[in-house]
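Asker: Sequence first, predicted model second:
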Amino acid sequence: MVLDELESSLEALCGTEPAALSDGETIERLHRCLARLEAATTRAVASFDARREWDADGARSAAAWLTGKCRLPRTSARRRVRLGRVLRHLPAAERAWLAGELGEAQVAALARMRTSATEDALADEEEMLVGQASSLRYEHFTRVLAYWCQHVDPDGAEDDAEAKRSSRRVHLSQGFGDLWFLDGVLDPLSGAIVSDALRRIADELFEADWAEARARRGEAATVADLARSAAQRRADALVEMARRAGTAPENGRRPEPLFTVLVGYETFHGRICQLADATVVSPGSLVPWLDQAWLERVVFDPASRVIDVGVSRRLFTGATRRAVQVRDQECFHPLCDEPAEQCQIDHVEPWSAGGDTVAANGRPACAYHNRQRHRRP
Ligand SMILES: [Zn+2]
């Protein structure tokens, strides 16, 4: 039987020294094999489920059988059975998964998109989405799915946003040992506003800690010399936020959340409606914020180049900097997804080699990849 052959191959594979399998190409191939095995297993489970083979052992469902016999956590068992059922309606995804071009995560993300409102559109456009899934990084693919869903089921996307907004809550209570316990859930927009403010203050505290460590240890100072851990700084930043709220002048200007509106871009690249951290949001969820938001307009020409002000400057600042952030959204390095807002804007062709400080010659580079570039010859 085919499984016997697979098992003897696995025997040989598991007996191989890890060092003999540790090159990049082998790691990729192993992941492709893993995906194919998951695909074949899920498909077999779907058939096991449909033919009610689990009934013979007295189980109440295929998931209950898997939980008991395969010792899966109940949630994993249910997820596998559910995915197997949806897979029957996703022939292109099934094919690509069996071929190892997709992983379980992509197929599951695609399966989650299938609702009564989207199933017809999904049947029509599944091939296109599978193509995206097999070429894009996972996070980028889920963004594509979010836009796709807004496009084919705008009401559903707004309902979904409303449900997320309704689930907001914060608990802060004093408990054991007089300690305070804080936990909560925020919708994407509120979360981005709070996280942004918290990160800014935590960054200030980091600079202060770093200055203190340098004063104490001089050039030899490392991250290990910092007086506070990152989590402690975040806690202090929250307290600082509260203190600043208390000392803010009565009629002081409130910092407005900033949204990015892309004009003349969607024709070429599809709709863009997302936060600076690349979270896709529904147009409706922006409405409550519009009367207090700064609107920013960035104009792209048909070649999707930003029409920017060409000035002779050493550093990317102002509108040019913002244009590059909006256009590229992430660090330039293909294996990095640091948001552009937290990157420096780097010259593609260096300034020293005559490169201009214009959007076309700019790209976001995170601190790590900026340093790495300058280290290399
Ligand atoms: Zn990077």
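Answerer: The structure has been received and is ready for your questions. Numbering: from 1, shown residues only.
Asker: name the element Leu172 belongs to?
Answerer: strand 169-174 (DSSP states H and E).
Asker: Name the residues that touch that strand?
Answerer: Among residues not part of strand 169-174, those counted as contacts by C-beta atoms under 8 Å, 6 or more residues apart in numbering are Trp180, Phe181, Leu182, Asp183, Gly184, Val185, Leu186. Quick note: C-beta positions are derived from backbone N, CA and C, even for glycine.
Asker: ok, now stretch 363-377?
Answerer: Here stretch 363-377 has contacts from 324-325, 328-333, 336, 338, 340, 342-346, 348, using C-beta under 8 Å, 6+ apart.
Asker: Show the overlap between the residues you listed and what lies near the ion.
Answerer: Applying C-beta under 5 Å from the ion to the contacts of stretch 363-377, one finds that Cys331, His333, Cys336, Glu338 fall near the ion.
Asker: Drop anything exposed from those.
Answerer: Cys331, His333, Glu338 (16 or more other C-beta atoms under 10 Å).
Asker: Look up how far Ile201 lies from the residue of the stretch 1-150 of the chain found nearest the ion.
Answerer: The stretch 1-150 of the chain approaches the ion most closely through Arg137 (13.2 Å), counting by C-beta to the ion. Separation of Arg137 from Ile201 (C-beta to C-beta, to the nearest Å) stands at 31 Å.
Asker: Have a look at these two and say which one is more surrounded.
Answerer: Using other C-beta atoms under 10 Å as the criterion, Arg137 and Ile201 rank with Ile201 on top: 18 against 12.
Asker: what pLDDT, on average, does the strand holding Leu172 get?
Answerer: Strand 169-174 carries an average pLDDT of 94.
Asker: buried sites along the helix or strand containing Ala40?
Answerer: According to DSSP H and E, Ala40 maps onto helix 24-50. Buried residues in helix 24-50, counted by 16+ other C-beta under 10 Å: Ala35, Arg36, Glu38, Ala39, Thr42, Arg43, Val45, Ala46, Phe48, Asp49.
Asker: Now do it: which elements does it pack against?
Answerer: helix 62-69, helix 74-87, helix 91-98, helix 104-112 (3 or more C-beta pairs under 8 Å, 6 or more residues apart in numbering; DSSP states H and E).
Asker: I'd guessed the residue of the stretch 1-150 of the chain closest to the ion sits against Asp337; true?
Answerer: Yes - counting by C-beta atoms under 8 Å, Asp337 is a contact partner of Arg137 at 7.2 Å.
Asker: quick one: low-confidence parts of the stretch 251-377 of the chain?
Answerer: Applying pLDDT under 70 to the stretch 251-377 of the chain flags the ranges 251-272, 276-277, 290-314, 374-377.
Asker: what are the ranges of the strands in it?
Answerer: Taking DSSP state E, counting those that start in this stretch as the criterion, the stretch 251-377 of the chain carries its strands at 258-263, 294-299, 344-347, 362-365.
Asker: Does Gln150 touch Asp160 like I think?
Answerer: No - using C-beta under 8 Å, Gln150 is not in contact with Asp160, being 9.3 Å away.
Asker: Mutual contacts of the two, please.
Answerer: Contacts common to Gln150 and Asp160, judged by C-beta under 8 Å, 6+ apart, are Ser282.
Asker: Could you report the pLDDT at Ala111?
Answerer: pLDDT, read off for Ala111, is 96.
Asker: May I have the residues that are in contact with it?
Answerer: Ala111 neighbours (C-beta under 8 Å, 6+ apart): Arg82, Leu83, Val86, Leu87, Leu90, Ala93.
Asker: Quick check: residues of this structure near the ion?
Answerer: Cys331, His333, Cys336, Glu338, Cys366, His369.
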